[in-house]
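Student: Model the structure of this input:
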Amino acid sequence: MPCLTKDVFSFIIYCIHLYTVFSLQVKSAEAEAEAKYLSGVGVAKQRKAIVDGLRSSIVVSIVVCEGSITIWIPSSLMQVYLSLFTSFNITGL
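Tutor: Residues are numbered from 1 along each chain as shown. Prediction:
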């Protein structure tokens, strides 16, 4: 068995340390990327649920009068709908 000098042994320990630090940085970056992906998925599902809820709650009255079609949406729902998109634009949700 070859004899390891103190310098060679220190170099081996240093290389193991560098590899460990590198591995931890890679795992940390992978975890951060996964967290950002899951956060984006959560926001997208939240937006979809809001739109689905609005879609199911809006009562639309269509009136056909003398060949023209009038669509009536309650003003309170329209204000909520527009305020949601305003808040999405401002907060980035």
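Student: How many residues are close by residue 9?
Tutor: Counted with other C-beta atoms under 10 Å, the neighbours of residue 9 add up to 10. To be clear about C-beta, it is placed using only N, CA and C from the backbone, and glycine gets the same treatment.
Student: what's the spacing between it and residue 21?
Tutor: The gap separating residue 9 from residue 21 is 19 Å, by C-beta to C-beta, to the nearest Å.
Student: cool, residue 13 as well?
Tutor: Taken as C-beta to C-beta, the span from residue 13 to residue 21 is 13 Å.
Student: before we move on, what about residue 84?
Tutor: Note on residue 84: its distance to residue 21, by C-beta to C-beta, is 46 Å.
Student: quick one, which of those two is more surrounded?
Tutor: Legend: neighbour count by other C-beta under 10 Å for residue 84 and residue 21, higher for residue 84 (15 against 10).
Student: give the contact list for the more buried one.
Tutor: Contacts for residue 84 (C-beta atoms under 8 Å, 6 or more residues apart in numbering) come out as 50, 54.
Student: Check which helix or strand it maps to.
Tutor: helix 75-91 (DSSP states H and E).
Student: what helices or strands is the helix or strand encompassing residue 47 leaning on?
Tutor: Element membership for residue 47 (DSSP H and E) is helix 6-57. With contacts defined as 3 or more C-beta pairs under 8 Å, 6 or more residues apart in numbering; DSSP states H and E, helix 6-57 has these neighbours: helix 75-91.
Student: Averaged pLDDT, the helix it packs on. What do you get?
Tutor: Helix 75-91 shows a mean pLDDT of 68.
Student: Then stretch 51-70?
Tutor: Across stretch 51-70, pLDDT averages out at 64.
Student: Going forward, count from 114.
Tutor: Happy to do that; since the first residue is 114 now, the last one works out to stretch 164-183.
Student: How is the chain divided into domains?
Tutor: Split into domains by automatic domain parsing, the chain comes to 114-170, 172-206.
Student: dump the residue contacts of residue 148.
Tutor: Going by C-beta under 8 Å, 6+ apart, residue 148 touches no other residue.
Student: oh, I was asking about residue 141
Tutor: Per C-beta under 8 Å, 6+ apart, neighbours of residue 141: none.
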